[in-house]
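**Student:** Okay, sequence plus prediction incoming.
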2 protein chains.
Amino acid sequence: MSVTVVGSIAFDSVTTPFGERERMLGGAATHFALAASFFDRVRVVGPVGTDFGERELAVLATRGTDIGDVERRPDGQTFSWAGEYGWDLNSRETLDTQLGVFADFQPKLSTASRESDVLFLANIQPELQREVLDQCRAGFVALDSMNLWIESARPALLEVIERVDCLILNDAELRQLTERPNTVAAARTVLGWGPSVVVAKQGEYGAMLITEETFFALPAYPLETVIDPTGAGDTFAGGFVGYLARHADTRDDAEALRRAMAYGTAVASFNVEEFGTDRVAHLTMDEIHARVAEMREFSRFEHESVELM
Amino acid sequence: MSVTVVGSIAFDSVTTPFGERERMLGGAATHFALAASFFDRVRVVGPVGTDFGERELAVLATRGTDIGDVERRPDGQTFSWAGEYGWDLNSRETLDTQLGVFADFQPKLSTASRESDVLFLANIQPELQREVLDQCRAGFVALDSMNLWIESARPALLEVIERVDCLILNDAELRQLTERPNTVAAARTVLGWGPSVVVAKQGEYGAMLITEETFFALPAYPLETVIDPTGAGDTFAGGFVGYLARHADTRDDAEALRRAMAYGTAVASFNVEEFGTDRVAHLTMDEIHARVAEMREFSRFEHESVELM
């Protein structure tokens, strides 16, 4: 099995109360690939510019990720983003966005990337997500998006959502997308459009998963120190989708979906402990397993054993 | 066993996207008592004015709650609050606050109220919370507060927190109180001040519990329709503290604390399904048990059963 991810590869400049970093390797496809590569073979599709070096390519290729479809453009700069977080990391201001080679990105997938069993359409223009979908024959497709596209490209976004199996979205954006004030109701609305799985990401609070048959909610792993939340959502998606890609035979199984949520949450918790890709690039599967086991303990409670009034 | 609650009894005027209601019975002590009364004998301490009628008193007395310490003042009006919620209920604006008889409230507890095994100090001026503490001999004391007192009465609040067993606070207020940007770190800071249990309320996302020995996080019960979030936090506290009051012998037991979180969460989920006290006043213990059982299923996941790469 393998999983193809199409999305941004970027340089991120981030300021948090704990420090600042200039032009770190980032982007949705990068964070997704670093997480998913723990579980399955990953192929990354996205453009980079002349400022993208061998060192960055080597990080992208961590754990055997196929970077053959990383398009190295000779005529521009890599997409870059700069942002600053508030004191408790719950607010974020974008200071600068430079699309660079992403401005006229036309996804061209190799045969291998087209034939991956699983496809993740990271947050890019819905029209590009549709072009990728048209090229692929994946048995399971998951998609992320954002408020920008909900506001500026709604019809195209709805069209592509109808064609995917799984929508992974921040809870506020899920409400905005469906114009329903309640996250659970919003997820049920999306289930009526075509996807069979909806994941509402809730940032520091965790994530919930809704299908026609099941509901599951998982708190985030409790960290005392969060250094840089950038990429946490894409890292979660990488762990979640990567786990499902690896366990294709059980993908419709509620237990596998729950475990995928746990693995996604665990990997994401490591991502935010250091700036950029530093932590996940050097993470081990044993560390992930240990955190999943802890999370199971943190969220477990036993049935009532004492008579009540 | 019994539990005494000292706090506001109020008339709430609430506007949500789903309707508006004028002068409903509300207040922290009211919501707490309605929830706690499922588990143990409750005694309510707080002032009401000439506008408070027999019908409201009857609701306060639901499930045998002792209203002997509800002070019926002949010289003023009951505390009243008016507020309006935003479209997805995640923002709230206070439109009006009239302290009424609460302005010069001096808690005077009967012998029975002083001798309750458990005391809940609902969100009122820290100086009043201290006066109540001085009168009581409860074996377990829990306390709630709010940003207003953190900003305007910080020394008094810190002094009273040092003397209680359990702090129950919204997560943002917990960070504000401790000046620590992270909720888990903030809770650990409070554990260093004296309390042995800290509960961070996370609104629609659930709640987390931290002691020296244990960590537990529980998502909120997934509702598709929330009508009125007013009083959800106090209803949670009522279920949580009421459960612990009932199971005094197991109060230091991590399993009992976890179950208390589940019962608090379950009762709170009913509270928000209708305006004011309408739903919890007519709730049954069977309905609560059923929701706790569902929540256990919603948050459960099994260990890895398949070999990973």
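**Tutor:** Okay, I see it. Residues are numbered from 1 along each chain as shown, chains lettered A, B, ... in the order given.
**Student:** quick one: the helices in the stretch 51-200 of chain A?
**Tutor:** All helices of the stretch 51-200 of chain A, identified by DSSP state H, counting those that start in this stretch, fall at A:54-60, A:111-114, A:126-135, A:147-152, A:154-161, A:171-178, A:183-191.
**Student:** Okay, A:Gly26 and A:Thr78: tell me how far apart.
**Tutor:** From A:Gly26 across to A:Thr78, the span is 10 Å (C-beta to C-beta, to the nearest Å). (Glycine included, C-beta is placed from N, CA and C.)
**Student:** A:Val197 too?
**Tutor:** A:Val197 is 32 Å from A:Thr78, by C-beta to C-beta.
**Student:** okay if I get the helices of the stretch 51-200 of chain A as TSV plus mean neighbour count and mean pLDDT?
**Tutor:** TSV is the format used below for the helices of the stretch 51-200 of chain A (neighbours: other C-beta atoms under 10 Å in any protein chain shown; pLDDT from 0 to 100):
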stretch	mean neighbour count	mean pLDDT
helix A:54-60	15	97
helix A:111-114	16	97
helix A:126-135	19	97
helix A:147-152	14	96
helix A:154-161	17	98
helix A:171-178	22	97
helix A:183-191	21	97
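**Student:** Quick one: residues contacting the residue lying closest to A:Ser13 once chain neighbours are set aside.
**Tutor:** Leaving aside its sequence neighbours, A:Ser13 sits nearest to A:Ala82 (C-beta to C-beta, 6 or more residues apart in numbering or on different chains; 4.0 Å). Contacts for A:Ala82 (C-beta atoms under 8 Å, 6 or more residues apart in numbering or on different chains) come out as A:Asp12, A:Ser13, A:Val14, A:Thr94, A:Leu95, A:Asp96, A:Thr97.
**Student:** Export the helices of the stretch 51-200 of chain A as JSON lines, with columns for distance to chain B.
**Tutor:** Shown next, in JSON lines, are those (distance: least, C-beta to the nearest C-beta, whole Å):
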{"stretch": "helix A:54-60", "distance to chain B": "18"}
{"stretch": "helix A:111-114", "distance to chain B": "18"}
{"stretch": "helix A:126-135", "distance to chain B": "23"}
{"stretch": "helix A:147-152", "distance to chain B": "14"}
{"stretch": "helix A:154-161", "distance to chain B": "18"}
{"stretch": "helix A:171-178", "distance to chain B": "5"}
{"stretch": "helix A:183-191", "distance to chain B": "4"}
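**Student:** Can you tell me which of the ones you listed is nearest to A:Asp234?
**Tutor:** When the helices of the stretch 51-200 of chain A are compared by C-beta to C-beta, helix A:54-60 sits nearest A:Asp234, at 13.3 Å.
**Student:** Give the residue spans of chain A that score low on pLDDT.
**Tutor:** Per-residue confidence for chain A (pLDDT under 70) gives these ranges: A:304-309.
**Student:** For the residue positioned nearest the centre of it, give me its contacts.
**Tutor:** With distances taken as C-alpha atoms, centre = their mean, the residue of chain A nearest its centroid is A:Asp234 (2.4 Å). For A:Asp234, the contacting residues are A:Gly7, A:Ala28, A:Ala29, A:Thr30, A:His31, A:Phe32, A:Ala35, A:Ala122, A:Asn123, A:Asp144, by C-beta under 8 Å, 6+ apart.
**Student:** and the nearest residue to A:Tyr205 once chain neighbours are set aside, what is it in contact with?
**Tutor:** Counting by C-beta to C-beta, 6+ apart, A:Tyr205 lies nearest to B:Tyr205, which is 3.9 Å off, once chain neighbours are set aside. By C-beta under 8 Å, 6+ apart, the residues touching B:Tyr205 are A:Gln202, A:Tyr205, A:Gly206, A:Pro219, B:Pro219, B:Ala220.
**Student:** one step back: how much space between the residue nearest to A:Ser13 and A:Gln98?
**Tutor:** 9 Å.
**Student:** OK, contacts around A:Glu302?
**Tutor:** Going by C-beta under 8 Å, 6+ apart, A:Glu302 touches B:Glu255, B:Arg258, B:Arg259.
**Student:** for A:Gln135, same thing?
**Tutor:** A:Pro107, A:Leu109, A:Arg114.
**Student:** joint contacts of A:Gly26 and A:Thr78?
**Tutor:** With C-beta under 8 Å, 6+ apart as the test, A:Gly26 and A:Thr78 both reach A:Ala10, A:Phe11.
**Student:** Would you mind pulling up the elements that the longest helix belonging to chain A packs against?
**Tutor:** When every helix of chain A is counted residue by residue (DSSP state H), the longest turns out to be helix A:254-271. Of the remaining helices and strands, those touching helix A:254-271 by 3 or more C-beta pairs under 8 Å, 6 or more residues apart in numbering or on different chains; DSSP states H and E are helix A:28-36, strand A:207-210, strand A:215-218, helix A:232-246, helix A:278-281, helix A:285-298.
**Student:** Tell me which of these sits most buried.
**Tutor:** helix A:28-36 (a mean of 32; mean count of other C-beta atoms under 10 Å in any protein chain shown).
**Student:** and the angle for the next helix-or-strand element following that helix with helix A:126-135?
**Tutor:** Once the chain leaves helix A:28-36, the next helix or strand it forms, by DSSP states H and E, is strand A:41-48. Angle, strand A:41-48 to helix A:126-135, by axes from the mean of the first three to the mean of the last three C-alpha atoms, to 10 degrees: 140 degrees.
**Student:** What angle do helix A:28-36 and strand A:41-48 make with each other?
**Tutor:** Using the same axes, to 10 degrees, strand A:41-48 lies at 160 degrees relative to helix A:28-36.
**Student:** is strand A:41-48 anywhere near chain B?
**Tutor:** No - Strand A:41-48 lies out of reach of chain B by C-beta under 8 Å from any C-beta of the partner chain, never closer than 8.9 Å.
**Student:** can you tell me which residues contact the spatially closest residue to A:Ile210 that is not a sequence neighbour?
**Tutor:** Once flanking residues are discounted, A:Ile210 sits nearest to A:Ala187: 4.1 Å by C-beta to C-beta, 6+ apart. A:Ala187 makes contacts with A:Leu174, A:Val198, A:Ala200, A:Met208, A:Ile210, as judged by C-beta under 8 Å, 6+ apart.
**Student:** What is the burial count for the second one?
**Tutor:** With neighbours defined by other C-beta atoms under 10 Å in any protein chain shown, the count for A:Val198 comes to 25.
**Student:** Isn't it up against A:Cys166?
**Tutor:** Yes - A:Val198 is within contact range of A:Cys166, at 7.3 Å (criterion: C-beta atoms under 8 Å).
**Student:** what's A:Glu173 in contact with, if anything?
**Tutor:** A:Ser145, A:Met146, A:Asn147, A:Ile150.
**Student:** For it, give its distance to B:Pro17.
**Tutor:** 19 Å.
**Student:** again, but for A:Leu119
**Tutor:** 37 Å.
**Student:** neighbour-wise, which of these two wins?
**Tutor:** A:Leu119 (30 against 14).
**Student:** Quick check: closest non-adjacent residue to that one.
**Tutor:** Using C-beta to C-beta, 6+ apart, the closest residue to A:Leu119 is A:Ala138 (3.8 Å).
**Student:** hmm, back to that, name the residues linked to the residue nearest to A:Ser13 by a beta bridge.
**Tutor:** A:Ser13, A:Asp96 (DSSP bridges).
**Student:** Can you name the residues bridging to the residue nearest to A:Ser116 when sequence neighbours are not counted?
**Tutor:** Closest residue to A:Ser116 apart from its sequence neighbours, by C-beta to C-beta, 6+ apart: A:Thr4 at 3.9 Å. A:Thr4 has these beta-bridge partners by DSSP bridges: A:Arg43, A:Leu119.
**Student:** how many other residues sit next to the closest residue to A:Leu158 other than its chain neighbours?
**Tutor:** In space, and not counting its chain neighbours, A:Leu158 is closest to A:Trp193: 7.2 Å by C-beta to C-beta, 6+ apart. Residues lying near A:Trp193 (other C-beta under 10 Å) number 15.
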